[in-house]
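Novice: The sequence and its predicted three-dimensional model are supplied below.
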Amino acid sequence: MHRVLCPVETLYVGQRSRAVLSCTLRGPVDLAALSAAFDALTEANPPLRSRIEQDGGGHVLRVLGADERPRLITRTGDEEEAYAAELNRPLPVGGPLSRAVLVSAPDGRSHLFVLVIDHTVTDGHSSIAVHNSLWDRYRALVEGTTDDIAAPELPRWPEPVSRLLPPADEADTAKYLDGRLEEIRRHPVELVPYDAASGEGAGPDGHIEVRRLTLEADLTSRLRGTARASGVSVHALIAATLLVTARRRLAGDDGARTLGCLSPVDLRARLTPPVPASDLVPAVTTHLQTLDVAARSEPLELARAVHARLGDFLARGDHFHEMRITPEIPRNPALQLATVIATNMGVVPGPRLPDGLRAADVRLVPAREHYFPQAGRSPVMACVVSFAGRLSIEFPHSTACYSPSFMRAFRDEVRTGLLRFTDVVEPGLSPTPPADHRPFAPPTPARPAV
């Protein structure tokens, strides 16, 4: 049983990137039920129990034999140490494209569950959906309500999203690609320089760490209120704050510099018929926009530009063109080269658990196997998601590129910037910019989107 990867999916093969979804639990966990639930999940979803194999000039997903398929791994240990270990543990080449691990405290009352899935077969929405599906099955097993669960469909391969796009004229796609290449030629973006070569984590053997920013439900609600009142999205407020924070890390004068913001765009709801979140396929394209950002740029004005351009991009249907030209990225990496990458899952549900078991925290973090400290600079990644009404922004990075202190400072400045949109200031956070940063001033005029 196998399926050929489409050209878009094949791009993920060399990236060796993965979605790391974790859940901190409080209460007893029935190990047998959780193991059975994971087995049921992988049985229903062939991509989770497959490997990637080369087939001629392309690649295929091939289902593993019963003795090779992934099984729940359980052990005792410290939650923080376990999380760091799983974040840095790649999925083995030629092995299953998923891994599930439960690490429990010695008293059995607190646990960390980690579900890792290769990005070749998932995106943020589908990884969250299958994680919640796993816990739905677990709850039914523990509560003895499996009869209420609909009979599972026969295992199937989800159709690649690139084959579900509406029809398009090849000449129109070629014209779109030419326009994109001309835009990136005329407006190359600047990247944030690495600092780890002479600081913490220096050397080529760095590891992945994550700096995390969270806003409690009340602050998250206030941020949403500001977005509505300003006619922009929360995503635009976050993207603008990231851009301003990145601009302050570029050497030289305080004048305008060309920065890029890459926003992943979910295609599932934009296809006809819509693709369910439970389908394990990467169903994401991207929108890259360049903006002139000065050290004194006003974040709200930047947010309006980000919001308007992304809206125009979607209204024109360019998200479909962007997916069609994705196979060109290896030849033209600048098509996705940005100063900041701002993902946004939006508001998503957490797992529904049986009585006596509580999810104290849920996290989604992207990680990859290869970072490139020799490049000297790169985009800054921010993974944004709201579980249980709380906004969370994760900043994964390799310590061979950005030091922990650098990313802590970046995270803290983003948090301070977002709090200015909530009309409140938490203790210990100044309502004014740090002393070495000048006040904001109006931005330079925004150039039109491609």
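Specialist: Great, that's in hand.

Novice: C-alpha from now on. contacts and neighbour counts both.
Specialist: Noted.

Novice: and the closest residue in space to Asp423 that isn't next to it in sequence, how many residues sit next to it?
Specialist: Closest residue to Asp423 in three dimensions, ignoring its sequence neighbours and counting by C-alpha to C-alpha, 6 or more residues apart in numbering: Arg222, at 7.8 Å. Residues contacting Arg222 under the criterion other C-alpha atoms under 10 Å number 16.

Novice: ok, Arg222 - contacts?
Specialist: With C-alpha atoms under 8 Å, 6 or more residues apart in numbering as the criterion, the residues that contact Arg222 are Phe421, Thr422, Asp423.

Novice: show me where this structure has helices.
Specialist: With helices called from DSSP state H, the chain shows them at 7-15, 31-44, 79-87, 124-143, 170-186, 217-230, 234-247, 299-315, 318-324, 404-419.

Novice: what's next to the longest one, contact-wise?
Specialist: It stands for helix 124-143. For helix 124-143, with C-alpha under 8 Å, 6+ apart as the criterion, the contacting residues are 19, 21, 30, 33-34, 36-38, 41, 115, 117, 146, 149, 277-281, 345, 350-354, 364.

Novice: of the residues you listed, buried ones?
Specialist: The neighbour-count criterion (16 or more other C-alpha atoms under 10 Å) marks 19, 21, 33-34, 36-38, 41, 115, 117, 277-281, 345, 350-354, 364 among those as buried.

Novice: JSON lines for the helices of the chain, including distance to Ser162?
Specialist: Compiled in JSON lines, those are given as follows (distance: least, C-alpha to C-alpha, whole Å):
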{"stretch": "helix 7-15", "distance to Ser162": "7"}
{"stretch": "helix 31-44", "distance to Ser162": "23"}
{"stretch": "helix 79-87", "distance to Ser162": "29"}
{"stretch": "helix 124-143", "distance to Ser162": "16"}
{"stretch": "helix 170-186", "distance to Ser162": "14"}
{"stretch": "helix 217-230", "distance to Ser162": "33"}
{"stretch": "helix 234-247", "distance to Ser162": "25"}
{"stretch": "helix 299-315", "distance to Ser162": "17"}
{"stretch": "helix 318-324", "distance to Ser162": "7"}
{"stretch": "helix 404-419", "distance to Ser162": "35"}
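
Novice: Ile52 is nearest to which of those?
Specialist: Distances from Ile52 to each of the helices of the chain were compared using C-alpha to C-alpha; the minimum, 7.9 Å, belongs to helix 7-15.

Novice: Average pLDDT for the closest one, rounded please.
Specialist: Within the predicted structure, the mean pLDDT of helix 7-15 is 90.

Novice: Check stretch 259-277 too.
Specialist: This predicted structure assigns stretch 259-277 an average pLDDT of 96.

Novice: Can you mark which positions in the helix or strand of the chain with the lowest mean pLDDT are buried?
Specialist: Sorted by mean pLDDT, DSSP states H and E, the helices and strands of the chain end with helix 7-15, the least confident at a mean of 90. For helix 7-15, burial by neighbour count (16+ other C-alpha under 10 Å) applies to Pro7, Val8, Glu9, Thr10, Leu11, Tyr12, Val13.

Novice: For that helix, name the packing helices and strands.
Specialist: Contacts of helix 7-15 with other secondary structure elements, assessed using 3 or more C-alpha pairs under 8 Å, 6 or more residues apart in numbering; DSSP states H and E, are absent: no helix or strand is involved.

Novice: neighbours around Asn45, how many?
Specialist: Around Asn45 sit 21 other residues, with neighbours defined as other C-alpha under 10 Å.

Novice: One more: Ser35?
Specialist: Other residues near Ser35 come to 20 when the count uses other C-alpha under 10 Å.

Novice: Excluding chain neighbours, what is closest to it?
Specialist: Going by C-alpha to C-alpha, 6+ apart, Ser35 has Leu72 as its nearest residue, at 5.4 Å.

Novice: who touches the one you found in this structure?
Specialist: With C-alpha under 8 Å, 6+ apart, Leu72 has these contacts: Leu34, Ser35, Phe38, Asp39, Arg99, Ala100, Val101, Leu102.

Novice: could you redo the last one with a cut-off of 10 Å?
Specialist: With C-alpha atoms under 10 Å, 6 or more residues apart in numbering as the criterion, the residues that contact Leu72 are 31-32, 34-39, 99-102, 115.

Novice: What of Arg71?
Specialist: Residues in contact with Arg71, defined by C-alpha under 10 Å, 6+ apart, are Ser35, Ala36, Phe38, Asp39, Thr42, Arg49, Pro96, Ser98, Arg99, Ala100, Val101.

Novice: buried ones in stretch 157-165?
Specialist: When burial is assessed from 16+ other C-alpha under 10 Å, stretch 157-165 yields the following buried residues: Trp157, Pro158, Pro160, Val161, Ser162, Leu165.

Novice: quick one: Gln54 and His319, what's the gap?
Specialist: Distance from Gln54 to His319, counting by C-alpha to C-alpha, to the nearest Å: 29 Å.

Novice: Can you pick out the residue with more neighbours from these two?
Specialist: Residue environment comparison for Gln54 versus His319 gives the larger neighbour count to His319, 21 against 12, counting by other C-alpha under 10 Å.

Novice: ok, the more buried one touching Ser263?
Specialist: No: if you go by C-alpha atoms under 10 Å, His319 and Ser263 don't touch, sitting 11.0 Å apart.

Novice: Touching both of these two, which residues are there?
Specialist: Val284, Thr285, Thr286, His287, Leu310.

Novice: so the last one touches Thr290, yeah?
Specialist: Think Leu310. No: with contact defined as C-alpha under 10 Å, Leu310 does not count as touching Thr290 (11.4 Å).

Novice: Tell me how many other residues crowd Arg185.
Specialist: As a burial measure, the neighbour count of Arg185 was computed by other C-alpha under 10 Å and equals 12.

Novice: Quick check: it touching Pro333?
Specialist: No: Arg185 is not in contact with Pro333 according to C-alpha under 10 Å; the separation is 11.9 Å.

Novice: follow-up on the earlier one: quick check: PyMOL command selecting the buried ones in the contacts of Arg222.
Specialist: Burial among those is assessed by 16+ other C-alpha under 10 Å; the matching PyMOL selection reads:
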select buried, resi 421+422
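
Novice: Nearest to Ala360 among the contacts of Arg222?
Specialist: The shortest distance between Ala360 and any of the contacts of Arg222, using C-alpha to C-alpha, involves Thr422 and amounts to 24.8 Å.

Novice: For the spatially most central residue of the chain, which residues are in contact?
Specialist: Among the residues of the chain, Cys383 comes closest to the average C-alpha position under C-alpha atoms, centre = their mean, at 4.5 Å. For Cys383, the set of contacting residues under the criterion of C-alpha under 10 Å, 6+ apart consists of 124, 212, 341-345, 363-366, 392-396.

Novice: Tell me the confidence at the nearest residue to Gln54 once chain neighbours are set aside?
Specialist: Nearest-residue entry for Gln54: Val60, 6.3 Å, with adjacent residues in sequence omitted and distances by C-alpha to C-alpha, 6+ apart. Val60 carries a pLDDT score of 96 in this model.

Novice: quick one: contacts for Val60?
Specialist: Applying C-alpha under 10 Å, 6+ apart to Val60 gives the contacts His2, Arg3, Val4, Leu5, Cys6, Glu9, Thr10, Ser50, Arg51, Ile52, Glu53, Gln54.
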